[in-house]
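**Student:** Quick check, what structure comes out for this input:
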Amino acid sequence: MSQLYYKRTDSSSYRDRIPLRIVRSESELSPLEKAYLGAVEKGDYASVKQALEEAEIYFKININCIDPLGRTALLIAIENENLEIIELLLSFNVYVGDALLHAIRKEVVGAVELLLNHKKPSGGMQVPPILLDKQFSDFTPDITPIILAAHTNNYEIIKLLVQKGVSMPQPHEVRCNCVECVSSSDVDSLRHSRSRLNIYKALSSPSLIALSSEDPFLTAFRLSWELQELSKVENEFKSEYEELSQQCKQFAKDLLDQTRSSRELEMILNYRDDTNLLEEEGNNDLARLKLAIKYHQKEFVAQPNCQQLLASRWYDEFPGWRRRHWAGKFITCVFIGLLYPTFALCYLIAPKSRYGLFIRKPFIKFICHTASYLTFLFLLLLASQHIVSPEQDRQDRQGPAPTTVEWMILPWVLGFIWAEIKQMWDGGFQDYIHDWWNLMDFVMNSLYLATISLKIVAYTKYSGTKPRNQWEMWHPTLVAEAVFAIANIFSSLRLISLFTANSHLGPLQISLGRMLLDILKFLFIYCLVLLAFANGLNQLYFYYETKASEERGKCKGIRCVEQNNAFSTLFETLQSLFWSIFGLISLYVTNVDADHQFTEFVGATMFGTYNIISLVVLLNMLIAMMNNSYQHIADHADIEWKFARTKLWMSYFEEGATLPAPFNIIPSPKSFWYLMCWIKRQVCKRTRSKRPESFGTLGVRKRAAENLRINHQYQEVLRNLVKRYVAAMIRDAKTEEGLTEDNFKVESEVHPGQSASPSQGNSETHRTNNHAHTHSHLRTI
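**Tutor:** Numbering: from 1, shown residues only. A predicted model of the protein is given here:
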């Protein structure tokens, strides 16, 4: 053991002890240097000045000497926040080194300002460079003053550095293959990854975003999304990147908290940063809120101010709706739902009439679409019960004609398909497939189209009647009935999406969605276990397949009364193992006709092991995963539900898709008018382009002027929000510090009428000056 500490010699007289010595000795300080550093520590201005002056004449001490903790006199003064000593040391041109970084880390604003204004001995006016010693420095080479200031999130220090013209390095993508990234990763991959993390940590600083970004909301949205995507690639720093992403989301939400009027809120939520001068875009379409939903800014969307504005627009036609009794709400919704065909016809005939405009309201549109879908489900129920077509020979007809109910269902199916096509055309393919409900609609509509196609094939190819038990397995009518049954299930489950509008059922529906993801993860592992045991059991029992199917009247397979041949084929084995989870497979299926007890024992053991793994281990793991998902939603129920409800509301705030199915497939006069306008634009396009000053050009100029005005108003609102945010941030910081003696000193400086204790040392006085920057800053934002 002692060999680890010292070189053992035979002449050692203390073999039962471990002698200790300093193996990494440091240079000793002279008495004068110790006195010099002690004076700096105590804040003795006169002694420090005398020592510096004598050092210039007699050279008895090294003014850049280092104490046992590795601190120079300048670093000691910075730690003590003694601005007078710092200024004195800088006047004698002491070695600065990484003093600026230490001042930033200690958040000594006065020291940072002195170091930034300090001129090098050569007389340079630029910011003094940070000379880092790679062996003894507390900071890595990639840490610059602005990066460290952003890490501390000190608004005043960041402002001082930005005013000096500092810049932030642009981080490259994770998969960037440029020469710089490749060489840096090859030399030191850890330093390369840490450097990227430090840059992103600085870029996500709320103070830096508020100070240097022209659009803090947009910057926070994009940076949060980028960090979230980065966490999926760099798994080693996943928690750090997710924390930074959450920090950006919280900053956007906190900045929105500072809105004080509906005008400011509407200006923020309606602002469009990609305004096209050639297109007329509505200034009231909540473009910024749509962007927040796209970037999954749940905190921003669920912010109370934002939700209040959305609710006021949603219940536009019903002021005081939430204060009504539930019975009154129910009767109103039922009344509007029963009249939705009338409203739809009014909109088709006269879109600008009173009732035509009434159905365009988001809440009314939601009720009408819901009533239309409930009507569709009622027709599906009638079709499944065969109430309208009680013919006795219909079940044996190979190509039956569509019933009255099926003819009534067809317009709804066509209306749903047309609505999905319009949604994909307006929003784009990428946005369409990102919504799981759209994928479910696509599957549902595809099944209905397959049903219609198969029924047409059966009607045209087959005629006459034939007992159903004599039909072939893949008969088009049989396949159509099976596909139609599956489509009915999807149609009924699609109603769950409407639960989002309810505060009680909404969180439950969101939890169900997350549980489906857990089930998919579980199925991946389960399928691997299932395939492994199925392969083994099939290999064992393949030679013992019975010939029950060849005997007349005998049944073969696990669906028989007497189960047999459970593991004769791979497909039968997979089925047997799956249904065994629900206890539907008996143990005697592991028996064989021959007297091979060892084979039966091995088969029963394998079958039992599979049940233990699938039931005891995997199934309980699935329950734990689903419980965890539900608990996660329950812990964030308010935010998750409001975000999901906002997405539902926004789909009805859009201008299009006013009419529900099946009325949306009826060509309206407005559609013909739009078609004629489009043809006119295409025909007159060349004529307009030849005119030097056309009405279109004047319209573009007018819209450009309007966009400039809106942008100016938006910047004014942002300036006010940033002011309030910084003031609130400083107040919160003071509250966290608590009421200390320094706080009373700051108050005495802000209110000169109050007296302060004069019996404080120089060090305490200058520490107070550092806190005073906070109050002077609020007057200069």
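**Student:** Residue 662 is in contact with residue 409, isn't it?
**Tutor:** No. Between residue 662 and residue 409 no contact is recorded; they are 9.6 Å apart, counting by C-beta atoms under 8 Å. In short, each C-beta sits where N, CA and C put it, glycine included.
**Student:** how about residue 224, what does it touch?
**Tutor:** 204, 245-246, 248-249, 252, 295, 297 (C-beta atoms under 8 Å, 6 or more residues apart in numbering).
**Student:** Let me see the contact set for the nearest residue to it once chain neighbours are set aside.
**Tutor:** The spatially closest residue to residue 224, leaving aside those adjacent along the chain, is residue 248, at 3.7 Å (C-beta to C-beta, 6 or more residues apart in numbering). By C-beta under 8 Å, 6+ apart, the contact set of residue 248 is 204, 209, 220-221, 223-224, 227.
**Student:** Can I get the residues you listed in JSON lines including pLDDT?
**Tutor:** Supplementary listing: the contacts of residue 248 in JSON lines, determined by pLDDT from 0 to 100:
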{"residue": "204", "pLDDT": "95"}
{"residue": "209", "pLDDT": "95"}
{"residue": "220", "pLDDT": "96"}
{"residue": "221", "pLDDT": "96"}
{"residue": "223", "pLDDT": "95"}
{"residue": "224", "pLDDT": "95"}
{"residue": "227", "pLDDT": "94"}
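**Student:** follow-up on the earlier one: quick one: which of the contacts of residue 224 has the most company?
**Tutor:** Of those, residue 248 is surrounded by the most neighbours, 29 neighbours in total, counting by other C-beta atoms under 10 Å.
**Student:** so where does that residue fall, helix or strand?
**Tutor:** Using DSSP states H and E, residue 248 sits in helix 238-257.
**Student:** starting at the chain centroid, how far to that helix?
**Tutor:** Using C-alpha atoms, centre = their mean, to the nearest Å, we find the averaged C-alpha position of helix 238-257 to lie 10 Å away from the chain's own average C-alpha position.
**Student:** residues of that helix that come out buried?
**Tutor:** Residues 240-241, 244-245, 247-249, 251-256 are the ones in helix 238-257 that count as buried (16 or more other C-beta atoms under 10 Å).
**Student:** so how far is whichever helix or strand comes after that helix from its chain's centroid?
**Tutor:** The element immediately downstream of helix 238-257 (helix or strand, assigned by DSSP H and E) is helix 262-270. Per C-alpha atoms, centre = their mean, the displacement of helix 262-270 from the mean C-alpha position of its chain is 23 Å.
**Student:** let's have the chain start at 34 instead
**Tutor:** Got it, the first residue is 34 from now on, which makes the last one we talked about helix 295-303.
**Student:** tell me which residues of helix 295-303 are tucked away?
**Tutor:** Along helix 295-303, the positions that meet the burial threshold by neighbour count (16+ other C-beta under 10 Å) are 297-303.
**Student:** Check the residues you listed and tell me the two furthest apart.
**Tutor:** For the buried residues of helix 295-303, with distances taken as C-beta to C-beta, the pair at the greatest spread is 297 and 303 (11.1 Å).
**Student:** Turn the buried residues of helix 295-303 into JSON lines, including pLDDT.
**Tutor:** Compiled in JSON lines, the buried residues of helix 295-303 are given as follows (pLDDT from 0 to 100):
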{"residue": "297", "pLDDT": "93"}
{"residue": "298", "pLDDT": "94"}
{"residue": "299", "pLDDT": "93"}
{"residue": "300", "pLDDT": "93"}
{"residue": "301", "pLDDT": "94"}
{"residue": "302", "pLDDT": "94"}
{"residue": "303", "pLDDT": "92"}
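**Student:** of all those, which comes closest to residue 747?
**Tutor:** residue 300 (5.8 Å).
**Student:** can you tell me which residues contact that closest one?
**Tutor:** With contact set as C-beta under 8 Å, 6+ apart, residue 300 has these partners: 746-747, 750.
**Student:** swap in residue 753?
**Tutor:** By C-beta under 8 Å, 6+ apart, the contact set of residue 753 is 291, 297.
**Student:** In terms of helices and strands, where is it?
**Tutor:** helix 728-770.
**Student:** From the contacts of residue 300, list just the buried residues.
**Tutor:** Restricting the contacts of residue 300 to buried positions leaves 747, 750, with burial counted as 16+ other C-beta under 10 Å.
**Student:** Export the contacts of residue 300 to TSV and append columns for distance to residue 418 and pLDDT.
**Tutor:** Formatted as TSV, the entries for the contacts of residue 300 read as follows, by distance: C-beta to C-beta, whole Å; pLDDT from 0 to 100:
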residue	distance to residue 418	pLDDT
746	60	92
747	58	93
750	59	94
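**Student:** one step back: closest to residue 398 out of the contacts of residue 281?
**Tutor:** When these are compared for distance to residue 398 (C-beta to C-beta), residue 254 comes out closest, at 28.0 Å.
**Student:** Does residue 246 touch residue 252 like I think?
**Tutor:** Yes. Counting by C-beta under 8 Å, residue 246 does reach residue 252; the two are 4.2 Å apart.
**Student:** Which one's more surrounded, the two?
**Tutor:** Counted by other C-beta under 10 Å, residue 246 and residue 252 do not tie: residue 252 has more neighbours, with 20 against 16.
**Student:** buried residues in the helix or strand harbouring that one?
**Tutor:** Using DSSP H and E, residue 252 sits within helix 249-266. Going by neighbour count (16+ other C-beta under 10 Å), the buried part of helix 249-266 is 249-254, 256-261, 263-264.
**Student:** Over to the spatially most central residue of the chain: give its phi and psi.
**Tutor:** With distances taken as C-alpha atoms, centre = their mean, the chain has residue 329 as the residue nearest its mean C-alpha position (4.2 Å). The phi and psi values for residue 329, taken as degrees, to the nearest 10, are phi 60, psi 50.
**Student:** Run the chain-centre distance for the helix holding residue 753.
**Tutor:** So, by C-alpha atoms, centre = their mean, the centroid of helix 728-770 is 25 Å from its chain's centroid.
**Student:** Could you quantify the relative orientation of it and helix 271-290 as an angle?
**Tutor:** Comparing the axes of helix 728-770 and helix 271-290 via axes from the mean of the first three to the mean of the last three C-alpha atoms, to 10 degrees yields an angle of 110 degrees.
**Student:** Next, the angle from helix 728-770 to helix 295-303.
**Tutor:** Here helix 728-770 runs at 110 degrees with respect to helix 295-303, directions being taken by the same axes, to 10 degrees.
**Student:** now the chain, which segments are flagged as low pLDDT?
**Tutor:** In the predicted model of the chain, residues 34-48, 57-59, 153-169, 307-317, 420-429, 579-586, 718-732, 769-814 satisfy pLDDT under 70.
**Student:** Report how many residues lie close to the residue nearest to residue 325 when sequence neighbours are not counted.
**Tutor:** Counting by C-beta to C-beta, 6+ apart, the nearest residue to residue 325 once its immediate chain neighbours are dropped is residue 333, at 4.8 Å. Using other C-beta under 10 Å, the number of residues around residue 333 comes to 29.
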